[in-house]
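In: Structural data only, the sequence is not supplied:
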């Protein structure tokens, strides 16, 4: 980015003022104004235009990162994920941020769809749209070039889920790994037996598990409703207490891991159990499905999952066909014996 600074204002003639503008060490005079304040304001507009025209996409992303962290107050891990998606989207675009246009954005999106599933690339597109609106808000672009992107594919409704007999086999393998001291298997089981988001698992600290291992506090989450107290199923209690005993109170329960760590463990166990591969999100969905099939009220299931509305639970997670073989009285915790 070009270094442009303002010096002054200086009195040009009686009642007239202007500033000097230093552009990469070269001096030039700014517009003449009727007051020192106006002279500086006019010079500042020129400096802003100079810097905007020379601001690279990388510079803009760095500013956006600072905005997300310091102004919006987003969690560092969330910002890292956002910046990773944005850099991946604009990987083939170089030059000043003013060179971003609708044609280039459409080309970037088309490339993205060739290497990501619809659910994934549409999540990325949502991040890109937010970034585009921020560019306009900050005056870096006059028009949002992302709003004209034509979406490709359809976002799926609900997540692929296991059948109940498959979930039982999956839990047997997961429990074997947990008994061997594999923390990743415990994290994977939490997605099914507790219905937690992956970040709600990886960001828990030791002190958020009560001393008896019966309760887990989610003190920060994706939504306001996500901040909640969750009961720990009895089969999981001993594993969480073991992890708690190995950590300092403020230390992360599972240590430093990315949000996709539970997902990798879910799929590793799927492979070993000989069941279809699903995501950690799919396990969270199965938790919702089984709870609803067991006759638990939708608002109670939504509260457990940290949803602000039961409609979100039913629309995004519950899969009517995956638990039809389960009697209504069978709840999630009965998948695994104590």
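Out: Great, that's in hand. Predicted model only: the values in this text are computed from it and were never measured.
In: can we go C-alpha only for contacts and neighbour counts from here?
Out: OK.
In: which residue ranges form the helices in the stretch 201-338 of the chain?
Out: All helices of the stretch 201-338 of the chain, identified by DSSP state H, counting those that start in this stretch, fall at 234-245, 261-273, 280-293, 298-305, 310-316.
In: Redo those helices as a markdown table? Include distance to residue 48 and mean pLDDT.
Out: Output for the helices of the stretch 201-338 of the chain, formatted as a markdown table (distance: least, CA to CA, whole Å; pLDDT from 0 to 100):
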| stretch | distance to residue 48 | mean pLDDT |
| --- | --- | --- |
| helix 234-245 | 52 | 93 |
| helix 261-273 | 43 | 91 |
| helix 280-293 | 44 | 82 |
| helix 298-305 | 46 | 75 |
| helix 310-316 | 43 | 59 |
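In: And these: which comes nearest residue 73?
Out: In terms of CA to CA, the element of the helices of the stretch 201-338 of the chain nearest to residue 73 is helix 298-305, at 23.2 Å.
In: now the angle between helix 280-293 and that closest one, please.
Out: Between helix 298-305 and helix 280-293, the angle comes out at 150 degrees (axes from the mean of the first three to the mean of the last three CA atoms, to 10 degrees).
In: Name the residues of helix 298-305 that are buried.
Out: For helix 298-305, the neighbour count (16 or more other CA atoms under 10 Å) marks 298, 299, 301, 302, 303, 304, 305 as buried.
In: Which member of those is positioned nearest residue 75?
Out: residue 305 (20.1 Å).
In: what about residue 76, how many residues close to it?
Out: Neighbour count of residue 76, defined by other CA atoms under 10 Å: 12.
In: Contact partners for it?
Out: Residues near residue 76 by CA atoms under 8 Å, 6 or more residues apart in numbering: residue 69.
In: From residue 215, how far off is it?
Out: Distance, residue 76 to residue 215, by CA to CA, to the nearest Å: 26 Å.
In: Could you do residue 26 as well?
Out: Here the criterion is CA to CA. By it, residue 26 lies 65 Å from residue 215.
In: Looking at the two now, which is surrounded by more residues?
Out: A count of neighbours by other CA under 10 Å puts residue 215 above the other of residue 26 and residue 215, at 17 against 9.
In: which one is that one nearest to, not counting chain neighbours?
Out: Take residue 215 and drop its neighbours on the chain: the residue closest to it by CA to CA, 6 or more residues apart in numbering is residue 231, 4.7 Å away.
In: Can you name the residues that contact the one you found?
Out: Contacts of residue 231 by CA under 8 Å, 6+ apart are 194, 214, 215, 216.
In: Need the max-distance pair from those.
Out: Greatest spatial distance among these (CA to CA): 194 and 214, at 11.8 Å.
In: Below-threshold pLDDT in this protein: ranges please.
Out: Counting by pLDDT under 70, the ranges of the chain that qualify are 1-3, 24, 50-54, 117-119, 152-159, 221-226, 293, 308-338.
In: can I see the domain layout of it?
Out: Annotated domains of the chain cover 4-54, 71-137, 164-335 [automatic domain parsing].
In: ok so, going back, rebuild the buried residues of helix 298-305 as JSON lines, extending it with distance to residue 169.
Out: What follows is the buried residues of helix 298-305, written out as JSON lines (distance: CA to CA, whole Å):
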{"residue": "298", "distance to residue 169": "27"}
{"residue": "299", "distance to residue 169": "30"}
{"residue": "301", "distance to residue 169": "24"}
{"residue": "302", "distance to residue 169": "27"}
{"residue": "303", "distance to residue 169": "28"}
{"residue": "304", "distance to residue 169": "25"}
{"residue": "305", "distance to residue 169": "24"}
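In: that older thread, if we compare the helices of the stretch 201-338 of the chain, which one ends up closest to residue 146?
Out: In terms of CA to CA, the element of these nearest to residue 146 is helix 310-316, at 25.5 Å.
In: Please pick out the residue of this structure most distant from its centre.
Out: In the chain, residue 14 marks the outermost C-alpha relative to the chain mean, sitting 57.7 Å out by CA atoms, centre = their mean.
In: ok, now which ones touch that residue?
Out: With CA under 8 Å, 6+ apart, residue 14 has no contacts at all.
In: can you tell me how far it sits from residue 34?
Out: 9 Å.
In: What are the boundaries of the strands in this structure?
Out: Assigned by DSSP state E, the chain shows strands spanning 4-13, 16-23, 26-29, 215-218, 228-231.
In: Okay, buried residues for the last one please.
Out: In this case it means strand 228-231. 228, 229, 230.
In: what's the spacing between it and its chain's center?
Out: 22 Å (CA atoms, centre = their mean, to the nearest Å).
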